[in-house]
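Student: Structural data only, the sequence is not supplied:
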């Protein structure tokens, strides 16, 4: 064996080892969940799911903790709130929840609008100057929940 072929063989082994290590690292990563977006006026926020089971039903015992929002947005009651969902969410149908209760019927569209005043109206279950609004994926079972905190902006 010549010196050049030995060097080539070591390089090939090193390259194969690097590729294998890279694939091992990638296999340990979680896939990102589909994203939901809320837009009010010129402000937008988006988040991945607070609970998601890669298209399968989320366990009922987990649903209460899924309604806690880490993402917030100020909502002027005179503005329109725009909801946008990833097509993967829309394919399974989605409902807007307010404080855990259905606010809308299920939809398969990727975009919906609701007047901002609804989220602070006691007739719809609002209390105080903030409301947790969630997007629920799935018609018969909950496949994912995306939660946002709406803060009243006067």
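Tutor: Structure's in. What do you need? Since we're looking at a predicted model, the values are computed, not measured.
Student: Is it correct that residue 106 is in contact with residue 93?
Tutor: Yes: with contact defined as CB atoms under 8 Å, residue 106 counts as touching residue 93 (4.2 Å). C-beta coordinates here come from the backbone N, C-alpha and C atoms, glycine included.
Student: Now do the shared contacts for the two.
Tutor: residue 139 (CB atoms under 8 Å, 6 or more residues apart in numbering).
Student: contact partners of stretch 64-75?
Tutor: 38, 40, 43-47, 50-51, 58, 81, 97, 99-100, 116, 119-120, 132-134, 145, 147-153.
Student: 6 Å instead, please
Tutor: 38, 40, 45, 47, 50-51, 100, 116, 119, 132, 134, 145, 147-151, 153 (CB atoms under 6 Å, 6 or more residues apart in numbering).
Student: among those, which are in strands?
Tutor: 38, 40, 45, 47, 51, 132, 134, 145, 147-151 (DSSP state E).
Student: This protein: helices as residue ranges?
Tutor: 3-27, 63-66, 87-91 (DSSP state H).
Student: Can you give me every residue that contacts residue 153?
Tutor: Applying CB under 6 Å, 6+ apart, the residues near residue 153 are 74, 75, 76.
Student: Quick one, grab the pLDDT at the second one.
Tutor: In the prediction, the pLDDT value recorded for residue 75 is 97.
Student: let's number from 504 now, not from 1
Tutor: Okay, using 504 as the starting number, the last item reads as residue 578.
Student: farthest pair in the ones in strands among the contacts of stretch 567-578?
Tutor: Spatially, the most separated pair among these is 543 and 554, at 24.0 Å (CB to CB).
Student: And the two? Which one has more around it.
Tutor: Higher neighbour count among residue 543 and residue 554: residue 554, with 23 against 18, using other CB atoms under 10 Å.
Student: My guess is residue 620 contacts residue 580. True?
Tutor: Yes: with contact defined as CB atoms under 6 Å, residue 620 reaches residue 580; the gap is 4.1 Å.
Student: Let me have the ones in strands among the contacts of stretch 567-578 in JSON lines, extended by distance to residue 588 and pLDDT.
Tutor: As requested, the ones in strands among the contacts of stretch 567-578 are exported to JSON lines (distance: CB to CB, whole Å; pLDDT from 0 to 100):
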{"residue": "541", "distance to residue 588": "10", "pLDDT": "98"}
{"residue": "543", "distance to residue 588": "16", "pLDDT": "97"}
{"residue": "548", "distance to residue 588": "14", "pLDDT": "97"}
{"residue": "550", "distance to residue 588": "11", "pLDDT": "94"}
{"residue": "554", "distance to residue 588": "15", "pLDDT": "93"}
{"residue": "635", "distance to residue 588": "17", "pLDDT": "94"}
{"residue": "637", "distance to residue 588": "12", "pLDDT": "96"}
{"residue": "648", "distance to residue 588": "12", "pLDDT": "95"}
{"residue": "650", "distance to residue 588": "13", "pLDDT": "95"}
{"residue": "651", "distance to residue 588": "12", "pLDDT": "96"}
{"residue": "652", "distance to residue 588": "18", "pLDDT": "95"}
{"residue": "653", "distance to residue 588": "17", "pLDDT": "96"}
{"residue": "654", "distance to residue 588": "22", "pLDDT": "96"}
